[in-house]
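# got a predicted structure plus its sequence, pasted below:
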Amino acid sequence: MGGEAIKALQIYLELDRQGVEVHQITHERVREELTAKFPRMRVTYLKDDVLQKALWASKAGRPFVRLVFQRRAARAADAVAAKELAAGRENIVIHYSAPVSPVLPGFGSQVGVPVVIGPLNGNIFYPPGFTKRESMGDRIRRVFHPALQFGHRLLFSGKQTADALLVAGGERTYQSLRMAGCRDEQFVDSIDSGIPERLLDQPRIRHSGRNLNFMQNGRLVDHKAADLVIRAMTRTRNPVTFHVIGRGPLRERCIRLAAELNLGDRVRFTEWVKDHEKVADILRENRAFVFPSLAEANGIVVQEAMMMGLPVICLDWGGPALLVTPENGVLIRPENEGYVIDELAKAMDRLAEDGELADCMSAAGREIAVKRGFAWPQVVRDWTAVYRRVLARRAGAKAGLPYRYGKSD
């Protein structure tokens, strides 16, 4: 399963745990795994149809495969909703948790039940000082984003007619949705994704004295910019170490870079930690989580670090900038590559040497994570509150009562 599929599964499991009846709609490719692990799950599986296979085979048509799947999923959702309505059940909501992009079309309900879409978290591009690192695809996406949203406004009405749009990307995502014809009264601020509740039970990481160990985990792709951290290590006063956990196309380049810069065993690479619960033990060994991602829509790894009490060093850009504050981490302006490398070095030196500062940031990070409700149970409770309100709005409309649901509700 990919990231969005794992998130959808977690949403299902948490809703079910909180007593909400759920019917999941997903792709056939995960049937075997879900059937083995969750035999009582209520789920509809969709196989690729002839059109999807033809689009995939054509290569040029591959970007449209997901659109066809989403349309078929919408029809399947309506079929389930119609069956529930026929059985006399009225409190039904269709929640599209994917795709998370504000550009990709959404679909409404043809059987008249409320629709919630999100969390939406997009319209994220490289900072102006880093556009040279963009791929051609990223550059095209950035340049044509306004035109795509205008076309979205003309051709697809799913997001425009949704009862609520869960928005996790802040103002950049609001702007994108407005281009597509969505209205502020539809927007509901939301966390993009939850993190395991067990992290709440973990004791906060305590910091004291010197600690030269820093880390990052996640898929190693270009926009995560782990190479900037490695370059910064040549400019630190202290012989800091950097533990990189993850696989991906950037991994081999980072290994070569560390060798070229003669960093020896100061940079350590781990491809995979099979037991995710052991990542918490690895976090405890470090002074801070260093994550200078250039185009991160959210940052689940940042949420996990904050909940554990690990200070975060990141760019003042994208999703991490919506999570991290100067109280619980270091935000670096993404001016250009040289500036960011220098500031990363300064931040690592400062935190490596100052255990008291690190511990203050640790406490602040845990407090923010708890107050904002990063754990899955709170995220899902917030969403079920939205379900209840959109159902109340529909009921009020049928009764002729005035009801306005939006950001201030």
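Received it, and whenever you're ready, just let me know what you need.
# going forward, measure contacts between C-alpha atoms and count neighbours the same way
Will do.
# what ranges does the stretch 251-400 of the chain have for its helices?
Counting by DSSP state H, counting those that start in this stretch, the stretch 251-400 of the chain has helices at residues 251-260, 279-284, 300-308, 318-323, 337-353, 355-371, 376-398.
# now the second one: mean pLDDT?
Looking at helix 279-284 alone, the average pLDDT works out to 84.
# which strands and helices sit next to that helix?
If contacts are counted by 3 or more CA pairs under 8 Å, 6 or more residues apart in numbering; DSSP states H and E, helix 279-284 sits against helix 300-308.
# show the subsequent helix or strand relative to the helix or strand harbouring L51.
Using DSSP states H and E, L51 falls within helix 50-58. Once the chain leaves helix 50-58, the next helix or strand it forms, by DSSP H and E, is helix 65-86.
# low-confidence regions, the stretch 251-400 of the chain specifically.
275-277, 398-400 (pLDDT under 70).
# quick one: G112 is in a helix?
No. Using DSSP: H, G, I helix; E, B strand; the rest coil, the assignment for G112 is coil, not a helix.
# can you list the low-confidence ranges for the stretch 1-150 of the chain?
Across the stretch 1-150 of the chain (using pLDDT under 70), the flagged ranges come out as 1-4.
# and P320, how many residues sit next to it?
P320 has 26 neighbours, counted by other CA atoms under 10 Å.
# for N262, same thing?
12.
# for it, give its distance to T241.
Between N262 and T241 the computed distance is 13 Å (CA to CA, to the nearest Å).
# then S193?
Distance from S193 to T241, counting by CA to CA: 30 Å.
# grab the nearest non-local neighbour of the spatially most central residue of the chain.
Residue closest to the mean C-alpha point of the chain, counted by CA atoms, centre = their mean, is N298 at 4.2 Å. Distance criterion CA to CA, 6 or more residues apart in numbering; nearest residue to N298, sequence neighbours excluded, is G319 at 3.9 Å.
# for the one you found, list the residues it contacts.
By CA atoms under 8 Å, 6 or more residues apart in numbering, the contact set of G319 is 169, 296-299.
# try P102
Residues in contact with P102 (CA under 8 Å, 6+ apart) are 120-123, 173, 176-177.
# got JSON lines for those residues, with secondary structure and distance to R253 too?
Formatted as JSON lines, the contacts of P102 follow (DSSP: H, G, I helix; E, B strand; the rest coil; distance: CA to CA, whole Å):
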{"residue": "L120", "secondary structure": "strand", "distance to R253": "32"}
{"residue": "N121", "secondary structure": "coil", "distance to R253": "29"}
{"residue": "G122", "secondary structure": "coil", "distance to R253": "27"}
{"residue": "N123", "secondary structure": "coil", "distance to R253": "28"}
{"residue": "T173", "secondary structure": "helix", "distance to R253": "32"}
{"residue": "S176", "secondary structure": "helix", "distance to R253": "34"}
{"residue": "L177", "secondary structure": "helix", "distance to R253": "37"}
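# between those, which is nearest N328?
Nearest to N328 among these, counting by CA to CA, is N121 at 22.8 Å.
# which residue packs closest to the closest one, ignoring adjacent ones?
G169 is the one closest to N121 (CA to CA, 6+ apart), at 4.3 Å.
# do the same with E90
Distances taken as CA to CA, 6+ apart place E84 nearest to E90, at 7.6 Å, with adjacent residues excluded.
# the stretch 101-250 of the chain: helices as residue ranges?
Ranges of helices within the stretch 101-250 of the chain are 136-155, 158-161, 170-179, 198-201, 226-232, based on DSSP H, counting those that start in this stretch.
# so for G19, which of the ones you listed sits nearest?
Short answer: helix 198-201, nearest of these by CA to CA, at 19.8 Å.
# so which residues make contact with the closest one?
Outside helix 198-201, the residues that touch it by CA under 8 Å, 6+ apart are 304, 307-308, 370, 375.
# look up how far L104 lies from D265.
Separation of D265 from L104 (CA to CA): 44 Å.
# also R388?
R388 is 26 Å from L104, where distance means CA to CA.
# what about the closest residue to A225 other than its chain neighbours, neighbour count?
Distance criterion CA to CA, 6+ apart; nearest residue to A225, sequence neighbours excluded, is S293 at 5.5 Å. Neighbour count of S293, defined by other CA under 10 Å: 24.
# give me the distance between S293 and I368.
For S293, the distance to I368 - CA to CA - is 21 Å.
# domain-wise, how is the protein divided?
3-194+376-398, 200-371 (automatic domain parsing).
# give me whichever of the ones you listed is most buried.
With neighbours taken as mean count of other CA atoms under 10 Å, these reach their highest mean count in domain 200-371, at a mean of 20.
# ok, back up a step: which of the contacts of P102 sits closest to D49?
The nearest member of the contacts of P102 to D49, counting by CA to CA, is L120 at 27.0 Å.
# does that closest one touch R172 like I think?
No. Between L120 and R172 there is no contact, the gap being 10.8 Å when judged by CA atoms under 8 Å.
# that older thread, now, among the contacts of helix 198-201, which is nearest to R153?
Ranked by distance to R153 (CA to CA), these are led by A375 at 34.4 Å.
# bridging residues for the closest one?
Legend: beta-bridge partners of A375 under DSSP bridges are I195.
# if I look at it, how far off is R253?
34 Å.
# one more: F38?
39 Å.
# please apply the same query to L166.
Counting by CA to CA, the gap from L166 to R253 is 37 Å.
# same check on V143?
Applying CA to CA, the value for V143 to R253 is 28 Å.
# can you check H223 too?
In terms of CA to CA, H223 sits 13 Å off from R253.
# contacts for stretch 253-268 next, please.
Contacts for stretch 253-268 (CA under 8 Å, 6+ apart): 226-227, 230-231, 234, 239-244, 269.
# before we move on, the earlier item: and which of the contacts of P102 is nearest K159?
L177 (8.3 Å).
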